[in-house]
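1. Sequence first, predicted coordinates after that:
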Amino acid sequence: MLSQKTSLVGRLQTHFATKLPTGVLLPARSIHKRYVGSLAKRRRRQVEEDTRQDVRVNGQVSELSLKNSAGQAGQDLGVLPPNASASARKTASYSTTPLLDGPATAVIDAAGPTTRTDDLGVDEDEGFDATRTPDWDPWNDPKVVEALRQQEIPVLEELTSSTHIIINDGFLPEADARALRGVFERRFADPRVIHPERFLWDYWHVPDQYTLVRTQAQVYFPEELYQSLEDALLTYGESQLGCRAISPIWMSYYVDGCVQELHCDNPHGPFAFVLSLTQDWDQREFTGGETMIMQQGVLNYWRSYEPRKGLEMQQLVTRVPAPFNRLTVFDPRFPHGVRQVHGTRDPRKGRLVLHGWFTEPMPFFQGPLDPADAEEALNGGLAPLWDALEGISGLITGTLIVRVHISGRSGSVTDLQWLADTLVEVPNHDRAAAEALLEGRVLPRLRALVHNEVHDCMTAIIFPTVPSGEDSVLTYPIIFE
Ligand SMILES: O=C(O)CCC(=O)C(=O)O
Ligand SMILES: [Fe+2]
């Protein structure tokens, strides 16, 4: 099965992929690596969004229509071992780069148009027309899928859904969130009292793009309090997203007129975060202030264009409110911003958020298995994967993070979890895939192809055993740039 799929991807090859070393295990934590893992492509290409969208939700979500994708990445992660001190993992230096770049994640409600299912021009005795324009999506066409099934052509299934927005309510222990908020409150309590902490703020204004007031959390907060914040974010990033570092944490407040116009933070890292310290969101004395993230349907507009249907704000952007202690994680490649705040000029009544990016996705082991001992098995086991994936470089972009459980007694992989999946197929993949389809073997939906290749290769690896017989865990990010 693997060789069949491998030759299939060979058919799709249009670009050359550069492999980053796969033997990078437990690298120096202070080194910034945006894309660590396995695949990096030389050229950046326009993103085409998958038509499926979903949202992961931990806790209560209001004001959003969300689908809960239980069982998806990030919901079933174990506790880190005691030796994995979060503070030891932090990324040290402050970047002078402003907010232009950032990680992000995806969310959301699929309010976009539905996939066309009629007028496909495909019927059973006609075969498939590989010359169709890229807006034809055969993999979402029930007629196509049914025809393939009737011909007993295997249809690869996706093994996990893409997720571009993740919402975690009640992220910090309540006391920590209140303590952070308390520092801010106290320093603004009496505008007539002057003290050094009043002067820590930067009014950041980039005409027509950003207007907000920001500071760096590490400078602003007392050390112990800051450390608990950083530890919570680092622990989350590592356990839920396979990211071993965060960017310096910004804190920004938004009063009347503050805004972030649409932008994309592609270079900063695979996931962005926004942790709200905004008080009383539901009784707030301003309008706006939600994170707005463009919807998949807009990024894929012509595929589902409907001449008789108008669209309004709610079908174009997802608005994520910022109630107190909500952590929103999103895919920063999606155009996004912050809706302009209108109303209060009092910082204590405005929007207050901590924000930044989860960075350094990289392979790491937890447990007794020594990475140096495992390296040979890992690199050997993944070699066929790189061969297979090289063929689709340029046709898919995003981050896939997998975690495998390794038996200490047998060395075999006993479980595989998908921690995160932001893979999207880029334009023209349909045509290339349809050409391959004419070979009559498999329905090569690229996301599904990647999932299956990764699954098959990862679970076939036999690692060295360990004397104690205890199990280990390997977290492995794969980045398609
Ligand atoms: O505050 C937000 O909701 C988004 C922040 C953001 O996009 C950024 O800082 O780049
Ligand atoms: Fe951003």
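-> Nice, I can see it. Ligands and ions are numbered 1, 2, ... in the order given.
2. tell me what the helix or strand harbouring Thr475 is packed against?
-> According to DSSP states H and E, Thr475 maps onto strand 472-480. Counting contacts by 3 or more CB pairs under 8 Å, 6 or more residues apart in numbering; DSSP states H and E, strand 472-480 is packed against strand 39-41, strand 364-366, helix 371-390, strand 396-406, helix 446-460. C-beta coordinates here come from the backbone N, C-alpha and C atoms, glycine included.
3. Let me know the angle separating that strand from helix 371-390.
-> For strand 472-480 against helix 371-390, the angle by axes from the mean of the first three to the mean of the last three CA atoms, to 10 degrees is 30 degrees.
4. Check Gly337 and give its pLDDT.
-> At Gly337, the pLDDT value in this model is 98.
5. same check, this time on Val206
-> pLDDT, Val206: 98.
6. what's the answer for the one 4 residues further on, then?
-> Reported pLDDT at Tyr210 in the predicted model: 98.
7. Just list the residues touching the closest residue to it other than its chain neighbours, thanks.
-> Spatial nearest neighbour of Tyr210, excluding adjacent residues (CB to CB, 6 or more residues apart in numbering): Gln260 at 5.4 Å. Gln260 sits next to 99, 209-210, 212, 337-338 when contact means CB atoms under 8 Å, 6 or more residues apart in numbering.
8. Gln260 should be in a helix, yeah?
-> No - counting by DSSP: H, G, I helix; E, B strand; the rest coil, one finds Gln260 to be strand, located in no helix.
9. Distance check, it against Val213.
-> 12 Å (CB to CB, to the nearest Å).
10. sorry, back to before: what's the angle between the strand holding Thr475 and strand 396-406?
-> Using the same axes, to 10 degrees: strand 472-480 against strand 396-406 is 170 degrees.
11. quick one, what contacts the closest residue to Ala377 other than its chain neighbours?
-> Once flanking residues are discounted, Ala377 sits nearest to Phe463: 5.0 Å by CB to CB, 6+ apart. Counting by CB under 8 Å, 6+ apart, Phe463 makes contact with 369, 374, 377-378, 406, 411-413, 472.
12. Tell me the one of these nearest ligand 1?
-> Among those, Leu378 lies closest to ligand 1 (CB to the nearest ligand atom), at 34.8 Å.
13. is it true that the closest one touches Ile461?
-> Yes - with contact defined as CB atoms under 8 Å, Leu378 counts as touching Ile461 (6.5 Å).
14. ok, these two, which is more surrounded?
-> Leu378 (22 against 19; other CB atoms under 10 Å).
15. Tell me how many other residues surround Gln340.
-> That count, for Gln340 with other CB under 10 Å as the rule, works out to 17.
16. hang on, the earlier thing: got the angle for the strand holding Thr475 vs helix 446-460?
-> 150 degrees.
17. pLDDT weak spots in the protein?
-> For the chain, residues meeting the criterion pLDDT under 70 lie at 1-140, 153-154, 427-444.
18. What residue spans form the domains of it?
-> The chain breaks down into these domains under automatic domain parsing: 2-49+363-480, 55-109+163-361.
19. Give me the distance between the two termini of stretch 460-467.
-> 22 Å (CA to CA, to the nearest Å).
20. Around ligand 1, pick out the residues from the protein.
-> 99, 102, 260, 265, 274, 291, 336, 338, 353, 355 (CB under 6 Å from any ligand atom).
21. out of the residues you listed, which one sits closest to Asp280?
-> For those, the residue nearest Asp280 by CB to CB is Val353; the value is 14.7 Å.
22. quick one: contacts for the closest one?
-> 251-254, 274-278, 322 are the contacts of Val353 under CB under 8 Å, 6+ apart.
23. Write down the beta-bridge partners of it, one by one.
-> According to DSSP bridges, the partner residues bridging Val353 are Ser252, Ser276.
24. if we can go back for a sec, in PyMOL, how would I select the buried members of the contacts of Gln260?
-> Applying 16 or more other CB atoms under 10 Å to the contacts of Gln260, the buried members can be selected in PyMOL as follows:
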select buried, resi 99+210+212+337+338
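25. so can I have JSON lines of the contacts of Gln260 showing secondary structure?
-> Formatted as JSON lines, those follow (three-state DSSP):
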{"residue": "Leu99", "secondary structure": "coil"}
{"residue": "Gln209", "secondary structure": "coil"}
{"residue": "Tyr210", "secondary structure": "strand"}
{"residue": "Leu212", "secondary structure": "strand"}
{"residue": "Gly337", "secondary structure": "strand"}
{"residue": "Val338", "secondary structure": "strand"}
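26. residues near the closest residue to Asn452 other than its chain neighbours, how many?
-> Nearest non-adjacent residue to Asn452, counting by CB to CB, 6+ apart: Leu156, 5.6 Å away. Neighbours of Leu156 under the rule other CB under 10 Å: 20.
27. I figured Leu156 was touching Leu449, is that so?
-> Yes - at 5.9 Å, Leu156 counts as touching Leu449 under the criterion of CB under 8 Å.
28. Which two of the residues of the chain next to ligand 1 have the greatest separation?
-> So, the residues of the chain next to ligand 1 by CB to CB: farthest apart are Asp265 and Val353, at 14.8 Å.
29. Please name the nearest non-neighbouring residue to whatever residue of the chain ends up closest to ligand 1.
-> Going by CB to the nearest ligand atom, ligand 1 is nearest to Thr291 of the chain, at 3.4 Å. The shortest distance from Thr291 to any non-neighbouring residue, by CB to CB, 6+ apart, is to Val320 (4.4 Å).
30. Check Tyr203 too.
-> Val213 (5.3 Å).
31. The one you found: neighbouring residues, count only.
-> For Val213, using other CB under 10 Å, the count is 18.
32. cool, Ser276 as well?
-> For Ser276, the neighbour count with other CB under 10 Å is 26.
33. what's the answer for Asn379, then?
-> 15.
34. ok, now the one 10 residues further on?
-> Leu389 is flanked by 24 other residues according to other CB under 10 Å.
35. Pretty sure it sits against Glu453.
-> Yes - assessed by CB under 8 Å, Leu389 is found in contact with Glu453 at 6.5 Å.
36. helix/strand/coil for Arg319?
-> strand.
37. Report the contact partners of the closest residue in space to it that isn't next to it in sequence.
-> Spatial nearest neighbour of Arg319, excluding adjacent residues (CB to CB, 6+ apart): Glu290 at 4.0 Å. By CB under 8 Å, 6+ apart, the residues touching Glu290 are 319-322, 338-339.
38. are any of those residues buried, and which?
-> Buried, going by 16+ other CB under 10 Å: 319-322, 338-339, out of the contacts of Glu290.
39. of all those residues, which comes closest to Tyr476?
-> Out of the buried ones among the contacts of Glu290, the member with the shortest distance to Tyr476 (by CB to CB) is Val320, at 29.2 Å.
40. Please look at that closest one and Ile293 and confirm they touch.
-> Yes - using CB under 8 Å, Val320 is in contact with Ile293, at 6.8 Å.
41. Which secondary structure element is home to Thr359?
-> Secondary structure (DSSP H and E) places Thr359 in strand 351-361.
42. could you give the angle of that strand to strand 472-480?
-> Between strand 351-361 and strand 472-480, the angle comes out at 100 degrees (the same axes, to 10 degrees).
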